[in-house]
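Visitor: Need coordinates for the below:
(2 chains)
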Amino acid sequence: DVKVTQSSRYLVKRTGEKVFLECVQDMDHENMFWYRQDPGLGLRLIYFSYDVKMKEKGDIPEGYSVSREKKERFSLILESASTNQTSMYLCASSLSSGFHQPQHFGDGTRLSIL
Amino acid sequence: GENVEQHPSTLSVQEGDSAVIKCTYSDSASNYFPWYKQELGKRPQLIIDIRSNVGEKKDQRIAVTLNKTAKHFSLHITETQPEDSAVYFCAASDGSQFYFGTGTSLTVIP
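Guide: Residues are numbered from 1 along each chain as shown, chains lettered A, B, ... in the order given. Here you go, the predicted model:
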């Protein structure tokens, strides 16, 4: 069974801080994704990566960056956290073959920016 | 880009009744349509998916239908049980990205 592990379930940070959210998957998946989930807005894609050191912007990349130095790990970085980045963040992974394979999600990180 | 709309946003049914959730998409190039279930405080999990070369797929009490001409697909849950209570998300993929609906909160009343 695919395991996608996010480093924190809950995180509280202050405005202006640099915030790191970590995600690790154990199934050798090529694709990894970061979403934010807000009530009434569903899941919105922030960034995704289809290989080590590769990244692509999603729908809402502003204020975020990512890092994929190893295949199993995909990090989301909030360069200077702001209150409007308070949200649930979900990491996901999938096999290659483009976007025709199901995504496997982590448990999510509920991030609060004060 | 693709636009996925999901209805209704909330749905309450009596235990044993059927539930239907509908999604429409805009891009005729979309050809993969997964459905995810997210229980409160838990991760979204794939429950069923369908590809554009198939019109219907069933897995026990769950079925998905796809109408490519009308660009809509639906999730059908029969004989609902309290443990079916969750938020359900549809998604569409054109091969370049996943596009998610805004979710349907389903409540099954015992």
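
Visitor: mind listing what B:Glu79 touches?
Guide: By C-beta atoms under 8 Å, 6 or more residues apart in numbering or on different chains, the contact list for B:Glu79 reads B:Gly16, B:Ser18, B:Arg61. No exception for glycine: its C-beta is placed from N, CA and C like everyone else's.

Visitor: Then A:Asn31?
Guide: Counting by C-beta under 8 Å, 6+ apart, A:Asn31 touches A:Phe48, A:Ser49, A:Tyr50, A:Ser93, A:Ser94, A:Leu95, A:Ser96, A:Phe99, A:Gln101.

Visitor: got it, and B:Ser52?
Guide: So B:Ser52 contacts B:Ser30, B:Asn31, B:Tyr32, B:Phe33, B:Leu66, B:Lys68 (C-beta under 8 Å, 6+ apart).

Visitor: so which of these are also by chain A?
Guide: B:Asn31, B:Tyr32 (C-beta under 8 Å from any C-beta of the partner chain).

Visitor: Out of the contacts of A:Asn31, name the ones that lie in strands.
Guide: A:Phe48, A:Ser49, A:Ser93, A:Ser94 (DSSP state E).

Visitor: nearest residue to A:Ser8 other than its sequence neighbours?
Guide: A:Thr109 (5.1 Å; C-beta to C-beta, 6 or more residues apart in numbering or on different chains).

Visitor: give me phi/psi at A:Gln85?
Guide: Main-chain dihedrals, A:Gln85, degrees, to the nearest 10: phi -100, psi 0.

Visitor: That one touches A:Leu76, doesn't it?
Guide: No: with contact defined as C-beta atoms under 8 Å, A:Gln85 does not count as touching A:Leu76 (10.4 Å).

Visitor: hang on, the earlier thing: what about the ones in strands among the contacts of A:Asn31, which one has the most neighbours?
Guide: When the ones in strands among the contacts of A:Asn31 are compared by neighbour count (other C-beta atoms under 10 Å in any protein chain shown), A:Ser93 ends up highest, at 28 neighbours.

Visitor: Run through the bridge partners of that one.
Guide: A:Met32, A:His104 (DSSP bridges).

Visitor: any idea how far the residue nearest to the spatial centre of chain A lies from chain B?
Guide: The centre of chain A sits closest to A:Trp34, judged by C-alpha atoms, centre = their mean, with a distance of 2.6 Å. To chain B, A:Trp34 is 12 Å away according to C-beta to the nearest C-beta, to the nearest Å.

Visitor: quick one: that residue is in a strand?
Guide: Yes: secondary structure of A:Trp34, determined by DSSP: H, G, I helix; E, B strand; the rest coil: located in a strand.

Visitor: Of A:Gln85 and A:Leu76, which one has the most company?
Guide: Just comparing A:Gln85 and A:Leu76: by other C-beta under 10 Å the higher neighbour count belongs to A:Leu76, 23 against 18.

Visitor: Okay, buried residues for the helix or strand harbouring that one please.
Guide: Assigned by DSSP states H and E, A:Leu76 belongs to strand A:73-78. Within strand A:73-78, the residues scored as buried using 16 or more other C-beta atoms under 10 Å in any protein chain shown are A:Phe74, A:Ser75, A:Leu76, A:Leu78.

Visitor: Indicate each strand paired with the lowest-mean-pLDDT helix or strand in chain B and its parallel or antiparallel sense.
Guide: Across the helices and strands of chain B, mean confidence by mean pLDDT, DSSP states H and E is lowest for strand B:98-100: a mean of 90. Here strand B:98-100 has these sheet partners by DSSP bridges: strand B:86-93 (antiparallel).
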